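[1] Below are the sequence and a predicted model; questions follow.
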Amino acid sequence: MPTLLQFAIRSMDFIHVAEARILCIIVGTNGVVVNKVIETRQPVTRDELEKISRHITAEFSGMTLDAIRRRLIGLTEAERAQRDAMLQKAISLGIEAVNDLAPVEHELYVEGAASILTKPEYADGDALRKTFLALQEKEKLIDLLNSCLSEDGLQILIGSETDFTQVHNFSVVARRYGSHSAPLGMVGIIGPMRMEYARMAPLVDYLGRALTRKIEEEQEQQQ
């Protein structure tokens with residue numbers, strides 16, 4: 001699954017909800033809305049919040065939350081920020097808004113694992129146990145799929161092509177989804193090395209393209 005840090009924003013608004021508490025409303029270009037309450041020690045007026053909202057939206061609209069965070073952190077050292085109190089408040093609130101908004105790591109969803117019970121490769125009890133344990137090693141699977149995010153098109157990883165597939169005698173057929181500039185995640189099928197590639201590869205390719213197309217359509221509707 002994608003992380004929120006990879007979503008591009010359309011707007012970011014700050015609203016007073018209580019003393020020293022500010023609600024940040026982030027609207028993504030894909031229509032996703034994220035709310036976060038920020039605790040602040042420095043006083044910020046409603047008028048200042050409106051100006052900060054307009055400034056951040058104008059400066060960063062279309063950028064991902066991760067890119068915004070890196071840009072804001074870089075601005076903290078800028079000479080202009082040292083002299084402009086309003087910009088200092090905008091930078092501080094912006095960093096608070098995107099920091100810890102979502103885990104940087106991708107989440108992984110695995111479905112249909114029980115279907116391997118029907119495969120002859122896993123008829124042996126020990127092999128079956130190792131396979132189920134391997135599917136629990138989500139960090140390694142995520143690392144494997146993350147390494148594929150930079151590559152466009154369908155990818156097929158068989159046996160010795162990666163440490164994970166070699167150790168567990170797996171194959172992975174995967175494709176990323178999202179725009180070329182901001183890939184969001186991966187979809188794929190994991191199975192035995194003798195899986196039906198002629199049937200599985202077009203299925204994964206179609207699903208990745210369909211997800212990408214749907215995301216792009218929603219982004220166009222929001223513009």
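    Nice, thanks for sending it over.

[2] Could you use CA atoms for every contact and neighbour count after this?
    Will do.

[3] Give the buried residues for the helix ranked longest in the chain.
    The longest helix of the chain (DSSP state H) is helix 197-222. Of the residues in helix 197-222, 201, 204-205, 207-209, 212, 215-216, 219 count as buried by neighbour count, 16 or more other Cα atoms under 10 Å.

[4] so where do the helices sit in this protein?
    Going by DSSP H, the chain shows helices at 46-60, 65-75, 79-83, 85-98, 125-136, 138-146, 163-168, 197-222.

[5] any chance of the buried residues of helix 197-222 in JSON lines, with distance to Ile56 too?
    Formatted as JSON lines, these follow (distance: Cα to Cα, whole Å):
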{"residue": "Ala201", "distance to Ile56": "43"}
{"residue": "Val204", "distance to Ile56": "38"}
{"residue": "Asp205", "distance to Ile56": "37"}
{"residue": "Leu207", "distance to Ile56": "35"}
{"residue": "Gly208", "distance to Ile56": "32"}
{"residue": "Arg209", "distance to Ile56": "32"}
{"residue": "Thr212", "distance to Ile56": "27"}
{"residue": "Ile215", "distance to Ile56": "24"}
{"residue": "Glu216", "distance to Ile56": "24"}
{"residue": "Gln219", "distance to Ile56": "20"}
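
[6] Let's have those residues in JSON lines, adding pLDDT.
    Converted to JSON lines, these look like this (pLDDT from 0 to 100):
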{"residue": "Ala201", "pLDDT": "94"}
{"residue": "Val204", "pLDDT": "94"}
{"residue": "Asp205", "pLDDT": "94"}
{"residue": "Leu207", "pLDDT": "93"}
{"residue": "Gly208", "pLDDT": "91"}
{"residue": "Arg209", "pLDDT": "91"}
{"residue": "Thr212", "pLDDT": "87"}
{"residue": "Ile215", "pLDDT": "75"}
{"residue": "Glu216", "pLDDT": "77"}
{"residue": "Gln219", "pLDDT": "64"}
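
[7] quick one: which of those residues is nearest to Asp163?
    Ala201 (21.4 Å; Cα to Cα).

[8] give me every residue that touches Glu111.
    By Cα atoms under 8 Å, 6 or more residues apart in numbering, no residues touch Glu111.

[9] what about the protein, any weak spots by pLDDT?
    For the chain, applying pLDDT under 70 flags the ranges 2-6, 30-31, 79, 81-82, 102-106, 116-117, 121-123, 127, 179-182, 218-223.

[10] Quickly list the domain ranges of it.
    Using automatic domain parsing, the domain ranges for the chain come out as 4-98, 113-222.

[11] so how far is Leu207 from Glu196?
    As for Glu196, its distance to Leu207 is 17 Å (criterion: Cα to Cα, to the nearest Å).

[12] got it, and Ala20?
    Ala20 is 46 Å from Leu207, by Cα to Cα.

[13] Likewise for Met12?
    Taking Cα to Cα, one finds Met12 at 32 Å from Leu207.

[14] next one: Ala114
    22 Å.

[15] Kindly report the same for Ala78.
    45 Å.

[16] Same question for Leu72.
    In terms of Cα to Cα, Leu72 sits 36 Å off from Leu207.

[17] do the same with Ile73
    37 Å.

[18] wait, isn't Phe164 in contact with Ile142?
    No - using Cα atoms under 8 Å, Phe164 is not in contact with Ile142; the gap is 10.8 Å.

[19] Fine, thanks again, bye for now.
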